[in-house]
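**Q** need the 3D shape of this:
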Amino acid sequence: MSSWTGLDGVDGRSHDAWRSLAWQVMLVGGVYFLAAAAGILLSRQPQGISSIWLANALALGWFLRRGTGAWPLHFVAIFASGLAANILFGHPPTISVVLTAANLFELGLALGLLRLWTGPLGPDTLTVASYLKLQAVAAAIAPAVAGVAAAVIVNVINGWAISDLWWLWWSGSAIGAVTILPIVMTADRRALQGIAGGKSAAAFIGFALLSVGFAYAALTMIAHPFVVVGMPLVLAALWTTPFATALNLLACMAVVTVAAHLGQLVGVSGTQTIHSISINFFAALTIFPAFCISLIVAELRREQVRIGASELRFRQAMEHSAIGMALIGLDGSWQRINRALSDMLGYMPEELGRLTFQDITHPADLAADLHLLEKTIAG
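**A** The predicted structure is shown next:
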């Protein structure tokens, strides 16, 4: 009877695992479809390839954060969702298959290279070095290779220029990676709580409003605004968390896109060239450096916490030790004395603080102790 009960438990757990996996696959497919549809609608080019492509960055971030378990099912869902989005919004079936397959190839290539090149990536492990590797793969290598494949095949089918197709593909994926991956790779419950209340929330909202307002003013008033746009973003990176910084960067990117489509950018006639030129400069000159600064600041803060914790452990170990211990300055002054040493010598800590170890050393031992001190200082 107990064996059958155990089997029932195993079957129940297996059923729950499959149900959880099914929900994950549907979630990945649904999010990818929405992101692909948004990319297509957001910025249609004459060639029909979206020049701001967020879907691959979202999928890559999912795999990096959740692992690659049951990845074939997720890839099937991504392929079906991407194909549906392309066909639904007017791409011919053959072109839709090519574009979706190239996106899947780009995603698989990025995952493979990152598994070989980096360790685990997440909010607590993302450093400037690992982020640079991540973007080198996600924003440069993978879309460049996949873009060549897609451009060549589409050129064979429809005769469109390979160079134009490749540039649109690469720039769209690169901007998507630089914009979305910082958010995906730093988001967790603690990061969300950090912008939900208190002084951190006030700082986040304040810098967000400052960054967005400053970005819109610069874009509509200055012919070359992107370096100027980056100034409040750098300030936000210095004062807020990487996750909050990433949200600020996304908000500024949205301002650029809206201003471009409304034709409000100074020095740009119409909106057709903004995605291939201005947004790329915006991403390179503002988003990437600002987020790197936020990672450096976050690492310094973590290091300060580690140093503080280490100092606390050392101080507690010294104070509660049954063995007399002290820290002595180079001049022989008592820097720190524990209770055991104070009791052993018969002095209060305040009294020892006004003396040097030479003052309480027996004259017959002082020369030898000073010699040992000199050897210690000399190394």
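**Q** so the chain: which segments form each domain?
**A** 1-186, 195-320, 322-378 (automatic domain parsing).
**Q** mean pLDDT lowest for which of those?
**A** Confidence, taken as mean pLDDT, is least for domain 195-320 of these (a mean of 79).
**Q** sec struct for the residue lying closest to A191 once chain neighbours are set aside, please.
**A** Distances taken as CB to CB, 6 or more residues apart in numbering put F243 closest to A191, at 3.8 Å, once the chain neighbours are dropped. Every C-beta, even on glycine, is put in place using the N, C-alpha and C of the backbone. Following DSSP: H, G, I helix; E, B strand; the rest coil, F243 is assigned to helix.
**Q** quick one, what contacts F243?
**A** 123, 183, 186-187, 191-192, 194-195 (CB atoms under 8 Å, 6 or more residues apart in numbering).
**Q** quick one: buried ones out of those residues?
**A** 123, 183, 186-187, 191, 194-195 (16 or more other CB atoms under 10 Å).
**Q** reformat those residues as TSV; add secondary structure and distance to D365.
**A** Shown next, in TSV, are those (DSSP: H, G, I helix; E, B strand; the rest coil; distance: CB to CB, whole Å):
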residue	secondary structure	distance to D365
P123	coil	56
I183	helix	65
T186	helix	59
A187	coil	63
A191	helix	59
G194	helix	57
I195	coil	62
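**Q** now flag whichever of these is closest to I52.
**A** Nearest to I52 among the buried ones among the contacts of F243: I183, at 14.9 Å, using CB to CB.
**Q** you'd agree the closest one is up against T245?
**A** No - using CB atoms under 8 Å, I183 makes no contact with T245, being 9.7 Å away.
**Q** E303: neighbour count?
**A** 10 (other CB atoms under 10 Å).
**Q** you'd agree it is in a helix?
**A** Yes - counting by three-state DSSP, E303 is located in a helix.
**Q** A helix includes W53, no?
**A** No - assessed with three-state DSSP, W53 is coil; it does not lie in a helix.
**Q** got the contact list for it?
**A** 36, 39, 103, 169, 172-173, 175-176.
**Q** quick one, phi/psi of it?
**A** phi -110, psi 110 (degrees, to the nearest 10).
**Q** in space, what's closest to it - neighbours in sequence excluded?
**A** G172 (3.9 Å).
**Q** just the strands in this structure please.
**A** 326-328, 334-337 (DSSP state E).
**Q** list the strands paired with the first one, with their directions.
**A** Right, the one you point to is strand 326-328. When pairing is defined by DSSP bridges, strand 326-328 lines up against strand 334-337 (antiparallel).
**Q** ok, and what's touching the strand it pairs with?
**A** 318, 325-329, 349, 352-353, 355-357.
**Q** these, buried ones only, as a PyMOL selection?
**A** Of those, the buried ones go into a single PyMOL selection, burial set by 16+ other CB under 10 Å:
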select buried, resi 318+326+352+357
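**Q** closest one of the contacts of strand 334-337 to V137?
**A** Relative to V137, and with distances defined as CB to CB, the nearest of the contacts of strand 334-337 is M318, at 47.2 Å.
**Q** is it true that the closest one touches L312?
**A** No - the criterion here is CB under 8 Å, and M318 misses it with L312 at 10.9 Å.
**Q** list residues touching both of the two?
**A** By CB under 8 Å, 6+ apart, no residue touches both M318 and L312.
**Q** which stretches in the stretch 201-350 of the chain count as helices?
**A** 226-239, 242-261, 279-282, 288-319, 339-345, 349-353 (DSSP state H, counting those that start in this stretch).
**Q** out of the ones you listed, nearest to F63?
**A** Going by CB to CB, the one of those nearest F63 is helix 242-261, 18.5 Å.
**Q** and for the nearest residue to L330 once chain neighbours are set aside, the neighbour number?
**A** Of all residues not flanking L330 in the chain, I377 sits nearest, at 6.4 Å (CB to CB, 6+ apart). I377 has 8 neighbouring residues, counting by other CB under 10 Å.
**Q** kindly report the same for L210.
**A** 16.
**Q** I'd like the distance between it and T240.
**A** 11 Å (CB to CB, to the nearest Å).
**Q** now do P120
**A** 24 Å.
**Q** what of I195?
**A** With CB to CB as the criterion, I195 and T240 are 8 Å apart.
**Q** then P93?
**A** Taken as CB to CB, the span from P93 to T240 is 46 Å.
**Q** do T94 as well
**A** 47 Å.
**Q** also Q316?
**A** From Q316 to T240 the distance is 33 Å (CB to CB).
**Q** so those two - more neighbours on which side?
**A** For Q316 versus T240, neighbours defined as other CB under 10 Å are more numerous around T240 (24 against 10).
**Q** so the more buried one sits right up against I293, yeah?
**A** No - counting by CB under 8 Å, T240 stays clear of I293, with 10.9 Å between them.
**Q** neighbours of S310, just the number please.
**A** What S310 shows, counting by other CB under 10 Å, is a neighbour count of 10.
**Q** and the closest residue to S163 other than its chain neighbours, what does it touch?
**A** Of all residues not flanking S163 in the chain, A151 sits nearest, at 7.8 Å (CB to CB, 6+ apart). Going by CB under 8 Å, 6+ apart, A151 touches 160, 162-163, 165-166, 169.
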